[in-house]
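# make a model of this:
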Amino acid sequence: MLSNLICYKNIYDRKSCNNDFKVKNTIDSELAISSGSANIPVNNEPIQAINSGLMDSAWPMFCHDVRHTGRSPYIPVEYPIEKWRYDVINGGYGSPVIDVNGTIYFGGSDFYVINSNGTLIWTEFLMGAAHSSPAIDEDGIIYIGTAYGHPNYLYAFYPNGTIKWKQGYRSIFSSPVIGNDSTIYFGRQSGDEGAIVAVYPQNGSLKWLFNTNHVVYSSPAIGDDGTIYCGCHDGNLYALYPNNGTEKWHYHTDHWIRTSPCIADDGTIYVISLDDYLYAVAPNGTLKWRVIIGGGTSPTIGPDGTIYCGYTKLHAVNPNGTFKWIFEPGSGRKIRGSTPCNDANGTIYFGTSIDDSWGGEIIAVNPDGTERWRKLLTNRYVEAAPCIADDGAIYIVSKGYYDDWQACYLHCFGTVESNNPPEMETLEGTIEGEINVHYKYIFSANDPDNNPVAYYIEWGDGTTDGWTMDYGSGVTVSMWNAWSEEGDYTIRVKARDTLGEESDWMYLEVTMPVNQQFSNSLFLQFLDRFPNAFPILRNILGS
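Numbers count the residues shown, from 1 in each chain. The predicted structure follows:
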């Protein structure tokens, strides 16, 4: 038996909602960005301030809060199961966020808003694609930027999905952060140049812009005194005054700063450079210490002040710069973009990319550096940071590659109170073929609780590939198989949900080969009527 597993989804089979939302108060101006000045204050007539700030929810922005601690005040169950997964056409880069109602927001080619039970509330097309996380203010307005579009935008969505405004920019890879006065801060790219930008929440008009003259992928963090901290590809960590965007100081490293800084309780700023160092910088811009960790994701901070970061390994670094422990995620695994986040007990959660995008996991590590649990999520990678809801649910986004097109899942881990077994829906494929030729067979199952399902397929010749990885309920999976001997075979498939409940078997009868059999009954009838005709052919056929 020869087989190869592939999962795919019909690209036209998109989840959609029935609401017909219309765009309101849309602003389509492409902001003209000058590179001749370090700082560009724009507003001549001040806009009346509003003081809503960041939403007070379980996880309203990238890495939880304006200091990017990645620290949740909630505690998930010790060993959660995957409750559901929601699949979308394309995404998997930005991390999800959560509002006060437990609603989840994340972006890809479109922007998605999902109930805590895994059902769609609304979705909206984005120009370009979201490669960063949204941020939600206290009024429920959601801000998200896009990249690779023509043009790209910073969007402001009302909670019902209508667009409050959108402002045109070059590529935005930076996740927005919302100040106490509701000013929105983010980084943007323009060719090889970039800037740190502040805009007003009322209509997205420019408050100020600080030109870095180099790319800004980093997401700004905000100190307790309002100082804006952001990294840049020029190797600098910038500290800017929030009112006008002028430079307070900068600290220079020896390579790009692509990731985002985080801020400790004492005001220390931690940032990682591609020179492989984790830097600890004092609020006055002086270096406290640095330590080699091999580059990697944005750093985050645990409840006890431990700093978590890494690339091929997860490093736990004490506030004085010494190593607490180092966790090895396994052979071929890298932490690419899935910033480690932690719960109130100090458990750390992060995603991996296996062997350069041949699979991706979520891993939970105990505060002492030992592994608690892990689960394979995808056949490609996990590059988005997890987030934690107030009921302890853990959400994370994965990227997949299925039958020559890209898709992603939003995964939910938590507890399940009741469960019903899945039901097989489809088993289709070639029923007559040739030996030693691979044929594709597709199958799917529906789980009434929307739990992910795995499949067990037997090819009728005594061989099986065992249980597959989990897939979303209702998603069509395909496998290829070839038979080496002639005969009739019965393929059978069953599904199993994440709690172990199994479906009944579904069957398909196949015959291999048909190319060596004359099954044309009319031609055989002709030979019977003329027994002396075609003697050579009769000898070949044995008739």
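# CA atoms for contacts and neighbours, from now on please.
Will do.
# show the backbone phi and psi for Val281.
Per-residue torsions, Val281: phi -120, psi 130 (degrees, to the nearest 10).
# strands of the stretch 1-150 of the chain, start to end?
Secondary structure of the stretch 1-150 of the chain (DSSP state E, counting those that start in this stretch): strands at 2-7, 39-41, 81-88, 97-98, 104-107, 110-114, 120-125, 135-136, 142-145.
# these: lowest mean pLDDT?
Considering the strands of the stretch 1-150 of the chain one by one, the lowest average pLDDT is found for strand 2-7, at a mean of 34.
# what stretches of this protein score poorly on pLDDT?
1-52, 91-92, 191-192, 357, 401-406, 514-543 (pLDDT under 70).
# the domain parsing of it - what is it?
Under the assignment automatic domain parsing, the domains of the chain span 39-414, 419-512.
# what is the neighbour count of Gly108?
Gly108: 24 surrounding residues under other C-alpha atoms under 10 Å.
# before we move on, the earlier item: of all the strands of the stretch 1-150 of the chain, which lies closest to Lys440?
Counting by C-alpha to C-alpha, Lys440 lies closest to strand 2-7 out of those; the figure is 9.2 Å.
# how far off centre is stretch 126-139?
On the basis of C-alpha atoms, centre = their mean, to the nearest Å, stretch 126-139 sits 14 Å off its chain's mean C-alpha point.
# just the CA trace of that stretch, in CSV.
Taking C-alpha atoms only, stretch 126-139 is exported to CSV below (Å, rounded to 0.1, in the frame of the first residue of the first chain):
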residue,chain,number,x,y,z
LEU,A,126,-9.7,43.6,3.5
MET,A,127,-7.6,45.3,0.9
GLY,A,128,-4.4,43.4,1.2
ALA,A,129,-4.1,41.1,4.2
ALA,A,130,-3.8,41.4,7.9
HIS,A,131,-0.3,40.3,9.0
SER,A,132,-0.8,41.7,12.5
SER,A,133,-3.2,41.7,15.4
PRO,A,134,-6.2,43.9,15.9
ALA,A,135,-6.7,46.2,19.0
ILE,A,136,-10.1,47.0,20.6
ASP,A,137,-10.9,50.3,22.4
GLU,A,138,-13.4,50.7,25.2
ASP,A,139,-16.2,51.7,22.8
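# could you pull out the helices for the stretch 1-150 of the chain?
In chain order, the stretch 1-150 of the chain shows no helices, with DSSP state H, counting those that start in this stretch as the criterion.
# what's the answer for the chain, then?
Secondary structure of the chain (DSSP state H): helices located at 521-529, 535-541.
# which residue sits closest to His233, ignoring its sequence neighbours?
The spatial neighbour of His233 that comes closest, neighbours along the chain excluded (C-alpha to C-alpha, 6 or more residues apart in numbering), is Trp256 at 4.1 Å.
# and if you look at Leu410?
In space, Leu410 is closest to Val397, 4.5 Å off (C-alpha to C-alpha, 6+ apart).
# give me the neighbour count for Tyr79.
The number of residues packed around Tyr79, counting by other C-alpha under 10 Å, is 12.
# and if you look at the one 4 residues further on?
One way to gauge burial is a neighbour count; for Lys83, by other C-alpha under 10 Å, it gives 22.
# which residues are in contact with it?
With contact taken as C-alpha atoms under 8 Å, 6 or more residues apart in numbering, Lys83 is in contact with His411, Cys412, Phe413, Gly414, Thr415, Val416, Asn450, Asn451, Pro452, Thr498.
# tabulate these (CSV), appending neighbour count and distance to Trp459.
Putting the contacts of Lys83 into CSV (neighbours: other C-alpha atoms under 10 Å; distance: C-alpha to C-alpha, whole Å) gives the following:
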residue, neighbour count, distance to Trp459
His411, 23, 31
Cys412, 25, 33
Phe413, 20, 33
Gly414, 19, 35
Thr415, 16, 35
Val416, 14, 33
Asn450, 21, 27
Asn451, 28, 26
Pro452, 27, 23
Thr498, 18, 24
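# so which of those are in strands?
His411, Cys412, Phe413, Gly414 (DSSP state E).
# so who does the closest residue to the second one other than its chain neighbours touch?
The shortest distance from Cys412 to any non-neighbouring residue, by C-alpha to C-alpha, 6+ apart, is to Tyr395 (4.8 Å). Applying C-alpha under 8 Å, 6+ apart to Tyr395 gives the contacts Pro96, Pro386, Cys387, Ile388, Ala389, Leu410, His411, Cys412, Phe413.
# I'd say the third one and Met61 touch.
By that I understand Cys387. No - the criterion here is C-alpha atoms under 8 Å, and Cys387 misses it with Met61 at 9.3 Å.
# quickly list what's touching both of these two.
Once C-alpha under 8 Å, 6+ apart is applied, the residues that Cys387 and Met61 both contact turn out to be Val97.
# distance of Pro159 relative to Ala282?
38 Å (C-alpha to C-alpha, to the nearest Å).
# wait, Val382
Distance from Val382 to Ala282, counting by C-alpha to C-alpha: 33 Å.
# higher neighbour count, those two?
Higher neighbour count among Val382 and Ala282: Val382, with 34 against 16, using other C-alpha under 10 Å.
# tell me the contacts of that one?
For Val382, the contacting residues are 92, 336-338, 351-353, 359-362, 397-399, taking C-alpha under 8 Å, 6+ apart as the criterion.
# what is the nearest of the residues you listed to Glu138?
Out of these, the one with the shortest distance to Glu138 is Val397. That distance is 24.5 Å, counting by C-alpha to C-alpha.
# neighbours of the closest one, how many?
By the other C-alpha under 10 Å criterion, the neighbourhood of Val397 contains 32 residues.
# ok, it - contacts?
Listed by C-alpha under 8 Å, 6+ apart, the contact partners of Val397 are 92-96, 382-386, 408-411.
# got the CA coordinates for stretch 324-335 in PDB?
Once side chains and other backbone atoms are set aside, the C-alpha atoms of stretch 324-335 remain, and they are given as PDB (Å, rounded to 0.1, in the frame of the first residue of the first chain):
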ATOM      1  CA  LYS A 324      16.500  30.400  34.600                       C
ATOM      2  CA  TRP A 325      16.000  27.500  32.200                       C
ATOM      3  CA  ILE A 326      16.000  26.600  28.500                       C
ATOM      4  CA  PHE A 327      13.300  24.500  26.900                       C
ATOM      5  CA  GLU A 328      14.000  22.400  23.800                       C
ATOM      6  CA  PRO A 329      10.800  22.200  21.700                       C
ATOM      7  CA  GLY A 330      12.200  19.300  19.600                       C
ATOM      8  CA  SER A 331      14.100  18.500  16.500                       C
ATOM      9  CA  GLY A 332      13.500  20.900  13.600                       C
ATOM     10  CA  ARG A 333      11.200  23.100  15.600                       C
ATOM     11  CA  LYS A 334      11.400  26.900  15.600                       C
ATOM     12  CA  ILE A 335       9.400  29.600  17.400                       C
END
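# identify all contacting residues around it.
296-297, 310-318, 350-356, 368-370, 383.
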